[in-house]
Each structure stands twice: as structure tokens, then as C-alpha cells.
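S.K.: Provide a 3D model corresponding to the input given below.
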Amino acid sequence: MNKSKSYLKISVILMATAIITIVSFNWFMNPYGFYHSLEIKGINKFKSISAGKLRMANAWNIYKQKPNCIILGSSRSIYGLNSNHPGWDCQEVYNLAHHGTNMYETLRYFQHAHALEAQKRVVLGLDFLMFNAFDQKGKQGFDESSFITTANGNINSQFSSYKKFLMLGSIDTLNDSIQILFNENDLEANQNLEKIQLLGGLRKLFRKVEKKHMNKTWYKRPHNYQFFAPETGQSSFDNLRKLLDIAYRDKIDLRMLISPSHARLWEALHAVGLWSKFEQWKREVVTINEQQAKKYGKQPFPLWDFSGYNAYTTETITDNMKWYWESSHYKQELGNIVLNSVFEAKIAEDFGVLINAKNIDKHLADIRIKQQQYRKSHPIDAAEVKKLAEETAKLRK
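M.R.: Below you'll find the model as predicted:
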């Protein structure tokens, strides 16, 4: 009997010690960035967490930090838009963009941030991939209970600020803490060196990204890309309307941009037959922006289009590119030029057009002309992308 009691006592002590150790380690490593622990370069400063965990971490970090300026959009905004750009003129800027996001997620994170702290300035990176009607549900790691308000703007009864502390004892959190301890790397080095080395050169990485967009990003099997869901009739533009409605109503300084992906990605979009939808998408965004502005008696928010063909987006592919990681994502060096225009500090020549109802048709026509010029000046790239599209079409069938 005494031996049983001693065994039980030792077991309880060991279990308690293990729990305290795990909780303390997770607190110190702080893998998601929302605990108040010391950050040490080379140990726990760089948070190399998955896209799913980033969604959860961002919701809690917004609750903790309460920034008054945010960046929204897809991974292009993550890699390309600099929260330290001098044009922000804000107390604190937080990059709230997400990998492979959609407009519903973007709306919900915007509502969460704005409910916690009235937003002074927002830069919204708009990408065609965010508007597929068949891809408007929350992604892995997206959790409605992490937001302080519901989608309708009411107080969210499921939200609890104590939930994040329960994660300190989680094995998943422990695994992420260990991963960060042994994989503390610079983000740019990880993007630039590891992928290039693994794939045997940046051109191969370009092809991989383009193939992924052709086969997965722009298509959600078994459906093709659509703006309206056939079952419900709901438009993927509805969430943009809601976001703009809040921004105009609450007098937020919102600035929108269409990302400057590499010209090869636009060739890929054309090759899979989505170019007309891409143009339709731009026209619709212009229309909605001006409709919402008229509703509130305001001037439309600035809407910049950096897509298309120009000296930056047609950069020659080498293993040490100045402006691009690969065909989808641009570097902060180019992002700073983008933000110079967005913040009206310095407008780059032949890069970015402020689009509206008056100039949209001419603007789209100009891009089509430059598209033809690109194919003549870059025949190898154009042919390579076209061949990829043909191979991908067979796979989708």
C-alpha cells in the first residue's frame, strides 16, 4: 500500500514537472509570437510557422498589439509589402496578410483589427486568386472563435482571451517550439537559397509556381474559376463590398493595389483561358469601389494596378533576381517602389496605373499591346509557359 502511494506521488510529481517544463519552454520559445517572452536572435526571434498556424497567431497578435494600421492580402503582400516603409505615418503597422487567402478571410481579419483599434490606414493587396467563389471558406488554421466580432459585426460570444494560454500545454505548440529552436533562419535566405538549390535553379522554381497556379490556385476541383457560386448565387465580390462599406463609413484611409507578379504568371493566366475573367475582375473592383464611394458621398479610394508588362515585371530570370523570388512573389525592394506610389511619395515611370471607370478600358487595352510585345521579346519564356499550360490541361482532365 505504501509502495503504491509512493509510486502515485512520484508519478504526480513527474507529470507536474513535465507540464511545467513544457509550458515554460513554450512560453519562452513563443512560436506564434503572442506571449510576452524575450526574443533572442538565433534561438526564438524568427517564427518559421506554417500558413495554418500563422492565421491563428495573427488573430491573437492583433488582439495583443492592437495596431492602428494594417496590411491585408495574400502571400504577395506578406513578402512584398514593408511595414516599416516611411510612408505609413502610423503608430504601429502590422502585416495581416495570409498565404492563399480569400476575400472572406481578409474581411474577417480586417473586422477583428478594426474592432480592437480603429484603423487609421490600411493597404489592401488585391489578387485574382482571392475571388474564386469556390474558395471562399476559411483555410486551415482559420477559426471564427479567434475574432472579437462576428461576420455581422456583433460581439462574438465564442471569443475568449484565455484560450491562447491553454495552448501553452499543447503538444502541437511544443513541436512548433522545437522546430523554431532548430530551424531559426532568415526568411529571405530560406526563400532564396533553399528552394533554388533544391529545385536546381530559379527557372525551375518559376515553372513549379506557374504549374501550381494553373492546376490548383486558380482552380478548385471539380470547379473552374467563377465569381458566383452556382448553389447559392453568392458573389465573391460581396466580401469586398462589406470591407469597403466599413472603410468608407468609418473614414479609414484605405489604399488598394493589384500585385506586380512577374510577366510569366500573367502569361500563365492567359494560357489557361482566364485572361478575360482577369479583366472582368479588374472592371468589377473598379465599379464596386466607385459605387461604395458614391453611397457615402466620398472620393473613391485609390486603386493601383501594378500587374502587366513593364521593366520590372519582365525581369530576366537568373538565380539572383533583383525584384522577384519567383513568378508569383515579388521582393520588398520592388514592394517599396509600389508603396512609394501608393503613398504618393514618388510615382515610378511606366509602373503602376491609378485605375478608375474613366481609364479602365484604355488601361486594359494597353496591357494587351504590351503582352504581345513581351511574347516577341521573350519567345522562350512565352513558349515555355504555353507548353506548361498544355501539360496542365491534360492533368485537369
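S.K.: Neighbours of residue 291, how many?
M.R.: By the measure other C-beta atoms under 10 Å, the count of residues near residue 291 is 13. C-betas here are computed from N, CA, C, even on glycine.
S.K.: In terms of secondary structure, what does the host helix or strand of it contact?
M.R.: Using DSSP states H and E, residue 291 sits in helix 275-295. Contact here means 3 or more C-beta pairs under 8 Å, 6 or more residues apart in numbering; DSSP states H and E; on that basis helix 275-295 packs against helix 238-249, strand 253-258, strand 303-305, helix 360-377.
S.K.: angle of the first one against strand 253-258?
M.R.: Using axes from the mean of the first three to the mean of the last three C-alpha atoms, to 10 degrees, the inter-axis angle of helix 238-249 relative to strand 253-258 is 150 degrees.
S.K.: for the longest one, same thing?
M.R.: Using the same axes, to 10 degrees, the interaxial angle of helix 360-377 with respect to strand 253-258 works out to 40 degrees.
S.K.: Show me which residues of the helix or strand that helix 360-377 is followed by are buried.
M.R.: Heading C-terminal from helix 360-377, the first helix or strand you meet, by DSSP H and E, is helix 379-396. By neighbour count with 16 or more other C-beta atoms under 10 Å, helix 379-396 contains the buried residues 381, 382, 384, 385, 388, 389, 392.
S.K.: and what of stretch 364-375?
M.R.: So, applying 16+ other C-beta under 10 Å, buried residues of stretch 364-375: 364, 367, 370, 371, 374, 375.
S.K.: Next, the closest residue in space to the fourth one that isn't next to it in sequence: phi, psi?
M.R.: Distances taken as C-beta to C-beta, 6 or more residues apart in numbering put residue 309 closest to residue 371, at 5.9 Å, once the chain neighbours are dropped. Residue 309 has phi and psi values of phi -130, psi 120 when expressed as degrees, to the nearest 10.
S.K.: I'd like to know how many residues surround residue 309.
M.R.: Considering only other C-beta under 10 Å, residue 309 is surrounded by 24 other residues.
S.K.: Looks to me like residue 70 is in a strand.
M.R.: Yes. Read with DSSP: H, G, I helix; E, B strand; the rest coil, residue 70 is one of the residues of a strand.
S.K.: so who does the residue nearest to it when sequence neighbours are not counted touch?
M.R.: Closest residue to residue 70 apart from its sequence neighbours, by C-beta to C-beta, 6+ apart: residue 96 at 4.6 Å. Counting by C-beta atoms under 8 Å, 6 or more residues apart in numbering, residue 96 makes contact with 58, 62, 70, 71, 72, 109, 110, 113.
S.K.: Tabulate these (TSV), appending distance to residue 136 and pLDDT.
M.R.: Converted to TSV, those look like this (distance: C-beta to C-beta, whole Å; pLDDT from 0 to 100):
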residue	distance to residue 136	pLDDT
58	19	91
62	21	94
70	21	98
71	21	98
72	16	98
109	14	97
110	15	98
113	20	97
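S.K.: before we move on, the earlier item: ok, the residue nearest to residue 371 touching residue 376?
M.R.: No. The pair residue 309 and residue 376 fails to qualify as a contact (C-beta atoms under 8 Å) at a distance of 11.4 Å.
S.K.: so where do the helices sit in the stretch 51-200 of the chain?
M.R.: Counting by DSSP state H, counting those that start in this stretch, one finds helices in the stretch 51-200 of the chain at the ranges 51-65, 75-80, 103-116, 163-166, 171-182, 187-189, 195-199.
S.K.: ok, residue 74 - contacts?
M.R.: With C-beta under 8 Å, 6+ apart, residue 74 has these contacts: 97, 98, 99, 100, 101, 125, 127, 129, 130, 259.
S.K.: typed the wrong thing, it's residue 54
M.R.: By C-beta under 8 Å, 6+ apart, the contact set of residue 54 is 98, 99, 141.
S.K.: and residue 302, how far is that from residue 158?
M.R.: Applying C-beta to C-beta, to the nearest Å, the value for residue 302 to residue 158 is 36 Å.
S.K.: quick one, which of the two is more surrounded?
M.R.: Between residue 302 and residue 158, residue 302 has the larger neighbour count (other C-beta under 10 Å), namely 18 against 11.
S.K.: Flag the shaky bits of the stretch 151-300 of the chain, pLDDT-wise.
M.R.: 160-199, 221-222 (pLDDT under 70).
S.K.: and residue 17, how many neighbours?
M.R.: Neighbour count for residue 17, taken as other C-beta under 10 Å: 10.
S.K.: what about it, which helix or strand?
M.R.: Per DSSP H and E: helix 2-29 holds residue 17.
S.K.: what's the model's confidence in that helix, averaged?
M.R.: Helix 2-29 comes out with an average pLDDT of 67.
S.K.: List the residues that contact the closest residue to residue 112 other than its chain neighbours.
M.R.: Closest residue to residue 112 apart from its sequence neighbours, by C-beta to C-beta, 6+ apart: residue 147 at 4.3 Å. Residue 147 sits next to 59, 108, 109, 111, 112, 156, 159 when contact means C-beta under 8 Å, 6+ apart.
S.K.: Kindly report the same for residue 112.
M.R.: By C-beta under 8 Å, 6+ apart, the neighbours of residue 112 are 59, 62, 63, 146, 147, 148, 149.
S.K.: Quick check: of those residues, which lies closest to residue 6?
M.R.: residue 146 (44.3 Å; C-beta to C-beta).
S.K.: what number of residues lie near that closest one?
M.R.: For residue 146, using other C-beta under 10 Å, the count is 24.
S.K.: What of residue 274?
M.R.: Neighbours around residue 274, by other C-beta under 10 Å: 20.
S.K.: ok, the closest residue in space to residue 53 that isn't next to it in sequence - how many residues close by?
M.R.: Distance criterion C-beta to C-beta, 6+ apart; nearest residue to residue 53, sequence neighbours excluded, is residue 141 at 5.8 Å. Using other C-beta under 10 Å, residue 141 has 19 neighbouring residues.
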